[in-house]
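Participant: Any chance you can model this:
(chains A, B, C and D)
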2 protein chains.
Amino acid sequence: MESFYEQCKANNLKITPQRVAVFKALTSSLSHPSADQIHRELKKEFPNISLDTVNRTLLTFAKADMIDVVEGHGDPRRFDPNQEAHHHFYCISCRGIFDFHDSAVDNISVSPELEKRFTITGKRLCLSGYCDNCRSSQ
Amino acid sequence: MESFYEQCKANNLKITPQRVAVFKALTSSLSHPSADQIHRELKKEFPNISLDTVNRTLLTFAKADMIDVVEGHGDPRRFDPNQEAHHHFYCISCRGIFDFHDSAVDNISVSPELEKRFTITGKRLCLSGYCDNCRSSQ
DNA sequence: TTGACAAATAGGATTGAATCCTATTTAATC
DNA sequence: GATTAAATAGGATTCAATCCTATTTGTCAA
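Facilitator: Down below sits the predicted model:
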């Protein structure tokens, strides 16, 4: 929490009870909650806190690079006809998702402890950045 | 398209002009479109096709394992307070997203051609499956 | 080929996530 | 403590996704 105050100052963000509560709720969760989940949690302590405030606060933190939005989540559903093993590149600018193939990546193996901790049925490398079109038109 | 008809038969899906058109539109796109994008595209040829039909058709194909839904997309936005290098495991059952650390995975390098094709700013391994809680409660 | 029927579609209604709008409140600074 | 720009509450709005139901259409068997 030390660095929370520092990061707020560094980004000219006022320290409000709502922001402190949102940050605490997020960092104390292990499952990467949605704005709605955090809102329901915080209602117990702040019955009047609005969902908009929770959502806006989280986006404010994200813009200040204090937290991240989990890849993909929050965007409209997208469909993929490619049934072969492949991976995804997501263009931050045009929002296109492009496949790439890489057998070295296909053969990545994760640690045995992780295999014990979870039953893994899907595995995909998700890259993000700028596609050729978007970087050249800037 | 051969295998499209076969797959439909194998899954007892009637072959309708709408389904054929949706499948063609999806497979001829390179950017993994949304239902809305496909719907706008198909309106040119089928002015009366409904968005619900497009969306339902795509979900039907996905349920029959003919296509996939791109990871994360379509779910509510989720937030991640972890600023260290890490990767994600997504539980299909409880929808929790859990971090894991794996330095071997951190150091994955993709092919030089890919580095040329895109400007890569983010890299993350996305696993999916069942978390410990969910697999034991089944 | 036709008839019967279960399945699929159109399109309007509804739900749910996210955002916008604006009056009110509040943190920061002097 | 007063000032001011920023933040909040909560109702309204937008947009994606889904539901509902009357109508249409593939499929299969006669």
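Participant: near DNA strand D, which residues of chain A?
Facilitator: Contact residues (C-beta under 7 Å from any atom of the strand) of chain A with DNA strand D: A:12-14, A:16, A:18-19, A:46, A:48-50, A:52-53, A:56-57, A:60, A:76-77. In this view, the C-beta of every residue, glycine as well, is placed from N, C-alpha and C.
Participant: Buried by neighbour count: which residues of the longest strand belonging to chain A qualify?
Facilitator: Taking DSSP state E as the criterion, chain A has its longest strand at strand A:119-130. If you call a residue buried by 16 or more other C-beta atoms under 10 Å in any protein chain shown, then strand A:119-130 has these buried ones: A:T119, A:K123, A:R124, A:L125, A:C126, A:L127, A:S128, A:G129, A:Y130.
Participant: Counting neighbours, which bits of the next helix or strand after it end up buried?
Facilitator: Note on strand A:119-130: by DSSP states H and E, the next helix or strand toward the C-terminus is helix A:132-136. Buried positions in helix A:132-136, judged by neighbour count with 16+ other C-beta under 10 Å: A:C134.
Participant: Mark out where each domain of chain A begins and ends.
Facilitator: With automatic domain parsing as the criterion, the domains of chain A are listed as A:2-63, A:87-136.
Participant: from the buried residues of strand A:119-130, which are also near chain B?
Facilitator: Near chain B, taking C-beta under 8 Å from any C-beta of the partner chain as the test, the members of the buried residues of strand A:119-130 found are A:T119, A:K123, A:R124, A:L125, A:C126, A:L127, A:S128, A:G129, A:Y130.
Participant: I figured the third one hits B:C126, correct?
Facilitator: Which is A:R124. Yes - at 5.1 Å, A:R124 counts as touching B:C126 under the criterion of C-beta atoms under 8 Å.
Participant: Tell me the residues that contact both of those two, please.
Facilitator: Counting by C-beta atoms under 8 Å, 6 or more residues apart in numbering or on different chains, the residues touching both A:R124 and B:C126 are B:E71.
Participant: Please point out which parts of the helix ranked longest in chain A sit buried.
Facilitator: Using DSSP state H, we find that the single longest helix of chain A is helix A:51-63. By neighbour count with 16+ other C-beta under 10 Å, helix A:51-63 contains the buried residues A:T53, A:V54, A:N55, A:T57, A:L58, A:L59, A:T60, A:F61.
Participant: what's the next secondary structure element after it?
Facilitator: strand A:68-69.
Participant: got the contact list for the helix or strand just after that next one?
Facilitator: Counting by DSSP H and E, the next helix or strand C-terminal to strand A:68-69 is strand A:79-80. With contact meaning C-beta under 8 Å, 6+ apart, strand A:79-80 is reached by A:97, A:99, B:26, B:32-35, B:38, B:58, B:61-62, B:67-70.
Participant: tell me the two of these that are most distant?
Facilitator: Within the contacts of strand A:79-80, two members stand farthest from each other by C-beta to C-beta: A:D99 and B:A35, at 19.3 Å.
Participant: neighbour count winner among those two?
Facilitator: For A:D99 versus B:A35, neighbours defined as other C-beta atoms under 10 Å in any protein chain shown are more numerous around B:A35 (23 against 15).
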